[in-house]
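[1] Return a 3D structure for these sequence lines:
(4 chains)
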There are 2 protein chains.
Amino acid sequence: MTLPTPGKPVRGSKSGNHLMALFDLLGRSWAMGIIWKLNEGPCNFRALQERCESISPTTLNKRLKELTQSFLIERTVEGYSLTEKGAEIFQLLYPLETWARDWAKEFNQKK
Amino acid sequence: MTLPTPGKPVRGSKSGNHLMALFDLLGRSWAMGIIWKLNEGPCNFRALQERCESISPTTLNKRLKELTQSFLIERTVEGYSLTEKGAEIFQLLYPLETWARDWAKEFNQKK
DNA sequence: AGCTTTGCTACCAAACATGTAGCAATTAAA
DNA sequence: TTTAATTGCTACATGTTTGGTAGCAAAGCT
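    From the prediction side, this is the model:
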């Protein structure tokens, strides 16, 4: 497991450009999904697994470690939870939902 | 290659929830990077490869097909180019850059 | 006709993700 | 206070995705 860290070479950028590091981090299976689901509120491992329908514990565990090391998630008494940074990024991802709804229409029309 | 399509089961969601489909599409290596780089303007395959520093032709080609089928990219006389939808999504991704800059600071402080 | 550029594809190796099983540690119940 | 359930994982085997290099066919240029 290589943590994409801004300033270091990452998958997709030798320069370690911070944006590319972020894209690498978020561009792993379930990373954005986990942030999304955690925004509903903190929860423990198994509960999070259920929120994510079909994630395997292996992947969930890996993502949680990465996101924790990247300051997006932390563990509290209530379980895994978004940090302030994590909540910020959720806010940035949030508009994607509305967008995706429209986008889905294209598929129905043009198919 | 399975195209993540809203309404159909995708990696990460049996329900085919449109947002999860989008996360699947964008959460593939280089997908967001390509959108980012294409926003600089349309360009051809090899030029795009260079904008993306270290992408392999195999991956670039796959992503281009997926993004095209998903209405985010199209081919014009000038080469590959963002569609209107693609440009919209760029706008949504855009704030991530500023955010990522701040985020990078955390790594320097807390390391 | 030959040389260059372009847009790929073939191929193989490495990294990553998935699914199932299950185990050690904690908590709850009898 | 033994017994059972829950929790947070890890192991392992398998499949999928990505990456890297090589190079080829088609088009354009000289």
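[2] Extract the residue ranges of chain A that are flagged as low pLDDT.
    Residue ranges of chain A with pLDDT under 70: A:1-16, A:110-111.
[3] ok, which stretches of it are strands?
    For chain A, the strands defined by DSSP state E cover A:73-76, A:79-82.
[4] Please spell out which residues along stretch A:43-62 are buried.
    For stretch A:43-62, a neighbour-count test (16 or more other CB atoms under 10 Å in any protein chain shown) marks A:43, A:48, A:49, A:51, A:52, A:55, A:59, A:60, A:62 as buried. All C-beta atoms are positioned from the backbone trio N, CA, C, and that covers glycine.
[5] what about that stretch, how long is it end to end?
    Start-to-end span of stretch A:43-62 (CA to CA, to the nearest Å) is 17 Å.
[6] where's that stretch relative to the chain centroid, distance-wise?
    Averaging C-alpha positions (CA atoms, centre = their mean, to the nearest Å) puts stretch A:43-62 12 Å from its chain's average.
[7] Over to stretch A:102-111?
    Centre-to-centre, stretch A:102-111 and its host chain are 25 Å apart (CA atoms, centre = their mean).
[8] And stretch A:96-106, by the same measure?
    So, by CA atoms, centre = their mean, the centroid of stretch A:96-106 is 19 Å from its chain's centroid.
[9] near chain B, anything from that stretch?
    Yes - Stretch A:96-106 is in contact with chain B by CB under 8 Å from any CB of the partner chain, via A:96, A:97, A:99, A:100, A:101, A:103, A:104, A:106.
[10] Mind giving me the PyMOL command for buried ones among those residues?
    In PyMOL, a selection of the buried entries from the residues of stretch A:96-106 next to chain B looks like this (16+ other CB under 10 Å):
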select buried, chain A and resi 96+99+100+103+104
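[11] before we move on, the earlier item: would you reformat the strands of chain A as JSON lines and include distance to residue B:22 and mean neighbour count?
    Shown next, in JSON lines, are the strands of chain A (distance: least, CB to CB, whole Å; neighbours: other CB atoms under 10 Å in any protein chain shown):
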{"stretch": "strand A:73-76", "distance to residue B:22": "21", "mean neighbour count": "15"}
{"stretch": "strand A:79-82", "distance to residue B:22": "20", "mean neighbour count": "18"}
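[12] Kindly list the longest helix within chain A.
    Counting residues, the longest helix found in chain A (DSSP state H) is helix A:95-110.
[13] which non-adjacent residue is nearest residue A:35?
    Closest residue in space to residue A:35, ignoring its immediate chain neighbours: residue A:90 at 5.6 Å, by CB to CB, 6 or more residues apart in numbering or on different chains.
[14] how many other residues sit next to that neighbour?
    Residue A:90: 16 surrounding residues under other CB atoms under 10 Å in any protein chain shown.
[15] re earlier: and the residues of stretch A:96-106 next to chain B as CSV, adding distance to residue B:79?
    Output for the residues of stretch A:96-106 next to chain B, formatted as CSV (distance: CB to CB, whole Å):
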residue, distance to residue B:79
A:96, 27
A:97, 31
A:99, 25
A:100, 27
A:101, 30
A:103, 23
A:104, 28
A:106, 22
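[16] Lovely, talk soon.
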